[in-house]
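Trainee: sharing a model that was predicted from the sequence below.
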Amino acid sequence: MSTERRSYSAQFKLETVLEGIRSEKSIAQICRERGIKDSLYYKWRDQFMSQALHLFEDKRNPSVTEGNSERIAELERMVGRLAVENDILKKASSLVEAHRRRNGS
């Protein structure tokens, strides 16, 4: 007699575990209705509970954050230089235009 392993979708597992956590029905009843063994439910529940904590951990790497602030400072300096250059070009353009008007060109 060979037993074939069934595979369950992540959605099915999540719904099963959440139904058990809500305690609206007994675990035995949920397992009967869904056609799984109690031990499988508890295995899924334990996986869910152990991995749920990781969802709320701070995953930011401090060195990456510091690198970002350095990059932001560099970009701000670049924007400042470009703004100064832009102002200089606008003034030069207006001087050239005024000179052309005076000379009638």
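Mentor: Right, received. Where do you want to start? Residues are numbered from 1 along each chain as shown.
Trainee: what bits of this structure have low per-residue confidence?
Mentor: 1-3, 60-66, 105 (pLDDT under 70).
Trainee: Glu24: what secondary structure?
Mentor: Three-state call for Glu24 (DSSP: H, G, I helix; E, B strand; the rest coil): coil.
Trainee: next, give phi and psi for it.
Mentor: Per-residue torsions, Glu24: phi -80, psi -30 (degrees, to the nearest 10).
Trainee: now do the buried residues in the helix or strand that contains Ser39.
Mentor: Secondary structure assignment for Ser39, by DSSP states H and E: helix 38-55. Neighbour counts over helix 38-55 (16 or more other Cβ atoms under 10 Å) mark Tyr41, Trp44, Arg45, Phe48 as buried. C-betas here are computed from N, CA, C, even on glycine.
Trainee: let me know the next secondary structure element after it.
Mentor: Heading C-terminal from helix 38-55 (DSSP H and E), you reach helix 62-103.
Trainee: and the residue lying closest to Phe12 once chain neighbours are set aside, how far from Ser9?
Mentor: Spatial nearest neighbour of Phe12, chain neighbours left out: Arg34 (7.7 Å); criterion: Cβ to Cβ, 6 or more residues apart in numbering. Going from Arg34 to Ser9 by Cβ to Cβ, to the nearest Å gives 12 Å.
Trainee: so for those two, which residue has more residues nearby?
Mentor: Taking other Cβ atoms under 10 Å, Arg34 and Ser9 do not tie; Arg34 has more neighbours (15 against 8).
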